[in-house]
Each structure stands twice: as C-alpha cells, then as structure tokens.
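*Asks:* Here is the input, now give the coordinates:
(one chain, ligands or ions: 1)
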Amino acid sequence: MAIISSNIGDNEFSFRKKELRLVDSKIIPEEKRNNINLARPVTLRDFIGQEQLKSFLRIAIDASIYRKEPLEHTLLYGQPGLGKTTLAFLIAHEMNTKCRIATAPAIERPRDIVGLLLGLKEGEVLFIDEIHRLNRLTEELLYSAMEDFRLDLTVGANRGARCRTINLPRFTLIGATTKLASISAPLRDRFGISQKIEFYTNDELKQIIVNFARLINLNLDSDASYNLSKIARGTPRIALRLLRRVRDYAQVVEKTNVISAILVKKALNSYQIDEKGLDSLDRQYLSFLNLNSNIPTGLDSIAAGLGDDSSMLEFVVEPYLIKIGFLMRTPRGRLLTDLGKKYIDSKNDNF
Ligand code: ADP
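*Replies:* Presented below is the predicted three-dimensional model:
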C-alpha cells in the first residue's frame, strides 16, 4: 500500500496525488473490504474507555430491557474511528437483537428508506452512518417513523394521489455523525439519546492495542504498545491500523512476530511517520506555514499551496497539530507556534 506521496519534497507545494494516510481516522478501502472486525468488542464491559458514555448506556439499556421496550433512538457523534459503529452493534447485542446497517449517502430514493424500515422486525436496531447526509425527503419520512412507528406515504400522482399509512414495528434508530451541526433540528430532536464520543487516552489506546495484538498472536512488548498508543491521535482505528502495518514490517522485513519498541520505530520510519506521529502531509503543511512563520495564513491559501482540499486540512490535518501545540487558529488565519516552528526547522531532511 502506498503510504503518503514521497515523490515530492516538503518544499514542493504542487498538486499531489491523493493517497492513503496511515494516520487518517477515516476508514480505508482495505478495512472496509476485509471488514476488520476482529477487534470489535461485543459487550459494554469489553468496550475500552468512554466510561461516562458506557455508564449512561448501561442504565438506558437495562431500563429498556426491564420495560420490554426498544432503546430510545440514539445519536452518536464524534470523529471518525472512535467507535460509533462498534457501539451500534454492541447496543444491539446488549439488547439481544439484530443491527441492520446503512449509510446515508446510499439511501437516495424514498423507496430505499421505506424498504429498510419495512424490513425491520420488532425491537431491531437500524444503524444509519453519516446521518447528516440524508436527503430531505428521506428525512421527512423518518420523522413519523421515529416518533410514531408509522410511515405516511403518498401513493399515485396528481388528482389520484392518496395518503397511505403503514404501521411499523417498534425499532431503535442509531444515527452516527461526525458533523452534529449539519443535522437539522427536527431530526436531532427526535433522538431521545444523544451522546458524544471522545478521543481516547494513551492508556486506553494501549489497552486496545494489547488486546488486538493478543488476538492476532503478536508478541508486543509494553514500550512498543505505549509508543504506538502515543501516536495514534486518540483514535482506535488509527491505533489498530498502525499495529497492522508494524506487523507487516515485522513479518516481512524482520521475519518475526516479536515486536519491540525499536522495531516499532524502524517500521514507522519506513512509513515516514516520526516520533511525534506526524507524516509527510503534516510536515508539508507545517513547512508551508513556516515560509511566512510570523504571518497568519488563510486556510484557502494553504489549501491552494498544498493542492489539497481545505475541509480535509481543517478536519483531518489541523486538529492534531493544534492538539500537540504546533498550530494556532487565529481570526486572521493559521499561525505556527514556537513549538511547531522548532519542530519543523529540525526536520530539514524533508523526508
Ligand atoms: P466509527 O464508526 O466511529 O468510525 P468504528 O466503530 O468503525 O468507528 O471503530 C473503528 C475501529 O476501532 C474498529 O476496528 C473498532 O473495532 C475499533 N474500536 C473502536 N472503539 C473501540 C474500543 N473502545 N475498544 C476496542 N476497539 C475499538
């Protein structure tokens, strides 16, 4: 797998081919295809981290089971890779029911959502990922389905048009989104439960890494797992992906299943990820700002300079650079901090 474009230097801000980043929290095709679900915890007890959310859900689930009712419609929001899909499956498992899964962009026509709803059985969970991307017609059909477990359909056209109501089984809609603000108020109001998923601590990520290593028969030492957790950007998906790439390196280059901190360092170097967990796109971004390090630069100028999409930079690259204190967002534009400048000045090797 190509990691990050290496055919341009950090100072060459021409248009780049879009390639996969190991440290991008969005799901990549390999993960979709292979459905890397081995590590998916199936009960709340196995789910690491998110303690507040878990105790909230524990009570809500137990109360629903006690009342023999489906769980209230639940909205989960947070960055990609933090466990929204995992939680949806886990909730269904805890409720002893099935989880049907759909993504909003694939629900194009009214009949798509009607088909999904009519296919549900009493108590089942319908999980809609990227729910902020539902179109208006679909959203409107969902209102009565969510509120009254009823579908109000218009059949026929013009003068012959009639209204038909179909009763639905009681179900739980679980919506997941990375953009809470893009969900319309009427849809948001129909969720009885709305919960944010936070970034994970290094210790929690380390635990997730250790569990996964055990599952895939890797002998990982404690420093190795901690070093991986530190650069995983608070995100289980990134932590597990990094571990899989380190395993590739260990097995192919070093012919071993024993992973030490030194091996992790060598593997990450080979993928151009440094000790801070930054890859070449991060460094190109910082180098670009460093050209005028004391003057705030607008996001659009940076995007044009790097040949990248501004929303990708804003939502994927910048949050981590801000989190580690390398970047500031000011009203007049983006500014490198002293820490960020010191770091990028020391990287004049330009990968
Ligand atoms: P999202 O739906 O938020 O993008 P996923 O639920 O697909 O994220 O999780 C991404 C990966 O991280 C999956 O492989 C999942 O098993 C793993 N994962 C997420 N949260 C946890 C957790 N708390 N414990 C263990 N593994 C987790």
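*Asks:* Tell me the spacing between the most centrally placed residue in the chain and the ligand.
*Replies:* Centroid-nearest residue in the chain, with Cα atoms, centre = their mean: Pro80, separated by 1.1 Å. Applying Cβ to the nearest ligand atom, to the nearest Å, one obtains 4 Å for the distance of Pro80 from the ligand. No exception for glycine: its C-beta is placed from N, CA and C like everyone else's.
*Asks:* That residue belongs to a helix, doesn't it?
*Replies:* No - Pro80 is assigned coil when assessed by DSSP: H, G, I helix; E, B strand; the rest coil, not a helix.
*Asks:* Check what pLDDT it gets.
*Replies:* For Pro80, the pLDDT comes out at 91.
*Asks:* One more: Ala102?
*Replies:* Ala102 carries a pLDDT value of 96.
*Asks:* Over to Ile3?
*Replies:* For Ile3, the pLDDT comes out at 30.
*Asks:* Repeat that for Glu31.
*Replies:* 65.
*Asks:* With the one 10 residues further on instead?
*Replies:* pLDDT, the model's per-residue confidence, is 91 for Pro41.
*Asks:* Next, it: secondary structure please.
*Replies:* The local conformation at Pro41, judged by three-state DSSP, is coil.
*Asks:* next one: the one 3 residues further on
*Replies:* At Leu44, secondary structure determined by three-state DSSP is coil.
*Asks:* for it, what are its contacts?
*Replies:* Residues in contact with Leu44 (Cβ atoms under 8 Å, 6 or more residues apart in numbering) are 54, 57-58, 61, 90, 94.
*Asks:* What is the burial count for the residue of the chain found nearest the ligand?
*Replies:* At 2.8 Å from the ligand, Gly83 is the closest residue in the chain, using Cβ to the nearest ligand atom. Using other Cβ atoms under 10 Å, Gly83 has 24 neighbouring residues.
*Asks:* For Leu87, which residues are in contact?
*Replies:* Contacts of Leu87 by Cβ under 8 Å, 6+ apart are 47, 57, 76, 174, 197.
*Asks:* Now name the helix or strand holding Leu22.
*Replies:* For Leu22, there is no enclosing helix or strand under DSSP states H and E.
*Asks:* Check Arg329 too.
*Replies:* Short version, using DSSP H and E: Arg329 is in strand 327-330.
*Asks:* Much appreciated, bye for now.
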